[in-house]
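Asks: mind looking at a prediction? Sequence and model below.
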Amino acid sequence: MSSHEFEPACRRMEWLDPFYKAVWEKAFAEAIPISGTFELTSRCNFNCRMCYVHLPESEIGRHGRELTAKEWIRIATEAKDAGTTWLCITGGEPLMHPEFETIWRELNQMGFFITLQTNASLVPRFEKLFQECPPRACKITLYGSSDQVYADVCQIEKGFARANAGIQMLRQMKIPIELVSTVIRQNLDDVENIIRYVGKNKLQWIPNINVRTAGRGVEVDMKNLRIRPPKIDKPAGQETTGQKKRIMDPDRKPCTYCKDFRLGYWIVWNGYMRFCSFMNGPDIPVRDKPFQECWQELVKFQESLQWPEECRICEQKESCARCAALFDIENGNLKMKDEFCKKRKG
Amino acid sequence: MKLKDGLILREVAGQYVIVPTGKRVKDVTGVLYMTKPAAALWDYMQSHDFEKEDLIKLTMERYTDATYDQVSADLDKFLKELAERGILEVEGQIYGNFSMRLPKQPK
């Protein structure tokens, strides 16, 4: 068992099936990469205002080169040998990868539990492929209940009609679907309609209001997108007393708060292995090095990563809820973003 | 009995789990995990038409302390689970939609 003194996330997941618990515990203890995400491409046929991955085709070359089908399949083969069993395929829009069909067919035969994350609009184009090689589950982004809302959020024509056609096709194929909606100013008024759509189609739905920039070359206009959660007045007698709750242990390193620590990874479209999609580093080149070597390097990187000096000496170091993804990576260290601290300190 | 095709046994962090591939992904939607003794039978089951007695024999060769009755009872449970989860080709199984006419109740 691991010598780590903190409690890994799986131990707090009482709802987990004993199989998952046993797998997660051992994977954590022995640093086995059981869960991976392949971000196949930064291409997308939508242009969502809050997306931090999508790049126009003309800009892709400035940020690197997409991995080919051959490269993805080599990485997947090595990842499977290293223990990867749960795999998420995402993008951009993963169906936009020029060799998506080849990649999907191969991965589907290799023995992973695969979840496909998509905007669903291109699903009808791949109907035959998904009949022959169905995904185990689909996580579908839903940003509105009409073409007009999709035009406002995703800056695309007939966006809802296209997404809905894909969703209905997957429903008919009896593929388990989970809908995910980021709520921003442009679709806030449509949330009730989205809820009606979710209910009518009897689907699971996870809304969120998280809009972030990730330092990955895509500018996200957070100021004009974000909505604020409603303020909840505390009942009389429960007003803030000035004593803030201790929620962070200053002795714990940033990555130890992540549920994927020592067992999950992300491979971004231009071939780097990272621990989180929101980060602009580290740049561990899985294109050039064996998977296992990259994984060991990633675990070592995570274990050595410290909070920035400003956090370590801050008076709010125990009460300020934060994770590594709220920072940039510069020269292998977490770097404070000015606006982050200003907001927290008020 | 026979196992269906398109199923892979994987050892994941010390546990054994069946991962469906190709079209089989739609048929086997839950997670089917198994003990080490059951996993030890998988290779044989995948490459042979088999009977329960074959599996009892293989298990008792491997686990010499086990009794016949105990192994037989465990295998009953295991095979029932495989059949229920659509992992076994069962003789006489009807695929797809079907309808049947029930005889009228005698008055």
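Replies: Received, thanks.
Asks: does chain B sit close to stretch A:290-304?
Replies: No: taking Cβ under 8 Å from any Cβ of the partner chain as the criterion, stretch A:290-304 and chain B are apart, separated by no less than 14.1 Å. The way it works is simple: take the backbone N, C-alpha and C, and place the C-beta from them, glycine included.
Asks: gap between that stretch and the chain center?
Replies: 19 Å (Cα atoms, centre = their mean, to the nearest Å).
Asks: show me what the helix ranked longest in chain B packs onto, helices and strands only.
Replies: Taking DSSP state H as the criterion, chain B has its longest helix at helix B:68-84. The contact analysis (3 or more Cβ pairs under 8 Å, 6 or more residues apart in numbering or on different chains; DSSP states H and E) places helix B:68-84 against strand B:32-34, helix B:52-62.
Asks: out of those, deepest packed?
Replies: Mean neighbours per residue, mean count of other Cβ atoms under 10 Å in any protein chain shown, is largest over the helices and strands packed on helix B:68-84 for strand B:32-34, with a mean of 19.
Asks: can you give me how far that strand is from the chain middle?
Replies: 10 Å.
Asks: show me what it is in contact with.
Replies: Under the criterion Cβ atoms under 8 Å, 6 or more residues apart in numbering or on different chains, residues A:19, B:15-18, B:42, B:78, B:81-82, B:85, B:87 lie in contact with strand B:32-34.
Asks: what comes up buried for stretch A:297-312?
Replies: Along stretch A:297-312, the positions that meet the burial threshold by neighbour count (16 or more other Cβ atoms under 10 Å in any protein chain shown) are A:297-299, A:301-302, A:305, A:307-308, A:311.
Asks: to clarify, my last question referred to stretch B:11-20.
Replies: Within stretch B:11-20, the residues scored as buried using 16+ other Cβ under 10 Å are B:12-13, B:15-20.
Asks: so, low pLDDT: which residues of chain B?
Replies: Low-confidence regions of chain B, defined here as pLDDT under 70, cover residues B:91-107.
Asks: what parts of it come near chain A?
Replies: Neighbours of chain A within chain B, by Cβ under 8 Å from any Cβ: B:8, B:10, B:12-15, B:17, B:19, B:21-23, B:25-26, B:29, B:31, B:33.
Asks: what number of residues are in the vicinity of the residue in the stretch 101-250 of chain A that chain B sits nearest to?
Replies: Closest approach between the stretch 101-250 of chain A and chain B, counting by Cβ to the nearest Cβ: A:Gly111, at 3.9 Å. The number of residues packed near A:Gly111 is 18, by other Cβ atoms under 10 Å in any protein chain shown.
Asks: residues contacting the nearest residue to it once chain neighbours are set aside?
Replies: Here the nearest residue to A:Gly111 in space, its sequence neighbours aside, is B:Ile8; by Cβ to Cβ, 6 or more residues apart in numbering or on different chains that works out to 3.9 Å. Applying Cβ under 8 Å, 6+ apart, one finds that B:Ile8 lies in contact with A:111, B:18-21.
Asks: quick check, central residue of chain A?
Replies: Most central in chain A under Cα atoms, centre = their mean is A:Ser277, positioned 5.7 Å from the mean C-alpha point.
Asks: shouldn't that residue be in contact with A:Ser42?
Replies: No: contact criterion Cβ atoms under 8 Å: A:Ser277 and A:Ser42 do not qualify, at 11.4 Å.
Asks: what sits in contact with each of those two?
Replies: Here A:Ser277 and A:Ser42 have A:Val53 as joint contacts, going by Cβ under 8 Å, 6+ apart.
Asks: just the ones in helices from the residues of chain B next to chain A, please.
Replies: Secondary structure assignment (DSSP H) places B:25-26 from the residues of chain B next to chain A within helices.
Asks: so which of the residues of chain B next to chain A is the closest to A:Thr256?
Replies: Sorting these by how near they are to A:Thr256, with Cβ to Cβ, puts B:Ala13 at the top with 19.3 Å.
Asks: show me the shaky parts of chain A.
Replies: Across chain A, the ranges flagged by pLDDT under 70 are A:1-3, A:5, A:8-15, A:232-243, A:338, A:343, A:345-346.
Asks: spell out which parts of it neighbour chain B.
Replies: Of all the residues in chain A, those in contact range of chain B (Cβ under 8 Å from any Cβ) are A:17, A:19-20, A:22-24, A:26-27, A:30, A:32, A:34, A:83, A:85, A:108-113, A:131-136, A:173-176.
Asks: give me the contacts around the longest helix of chain B.
Replies: Outside helix B:68-84, the residues that reach it (Cβ under 8 Å, 6+ apart) are B:1, B:3, B:32, B:34, B:37-38, B:52, B:55-56, B:59-60, B:63, B:88, B:90.
Asks: list the buried ones in it?
Replies: Buried positions in helix B:68-84, judged by neighbour count with 16+ other Cβ under 10 Å: B:71-72, B:74-75, B:78-79, B:82.
Asks: can you put the residues you listed in TSV and add distance to A:Pro230?
Replies: Converted to TSV, the buried residues of helix B:68-84 look like this (distance: Cβ to Cβ, whole Å):
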residue	distance to A:Pro230
B:Val71	61
B:Ser72	62
B:Asp74	56
B:Leu75	58
B:Phe78	53
B:Leu79	55
B:Leu82	51
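Asks: closest to A:Val211 out of these?
Replies: Nearest to A:Val211, judged by Cβ to Cβ, of the buried residues of helix B:68-84 is B:Leu82 at 47.0 Å.
Asks: how about the strands in the stretch 151-300 of chain A?
Replies: Here the stretch 151-300 of chain A has its strands, by DSSP state E, counting those that start in this stretch, at A:177-182, A:204-208, A:264-267, A:272-274, A:284-285.
Asks: as JSON lines, those strands with mean neighbour count would be great.
Replies: Shown next, in JSON lines, are the strands of the stretch 151-300 of chain A (neighbours: other Cβ atoms under 10 Å in any protein chain shown):
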{"stretch": "strand A:177-182", "mean neighbour count": "19"}
{"stretch": "strand A:204-208", "mean neighbour count": "12"}
{"stretch": "strand A:264-267", "mean neighbour count": "23"}
{"stretch": "strand A:272-274", "mean neighbour count": "24"}
{"stretch": "strand A:284-285", "mean neighbour count": "18"}
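Asks: no more questions from me, cheers.
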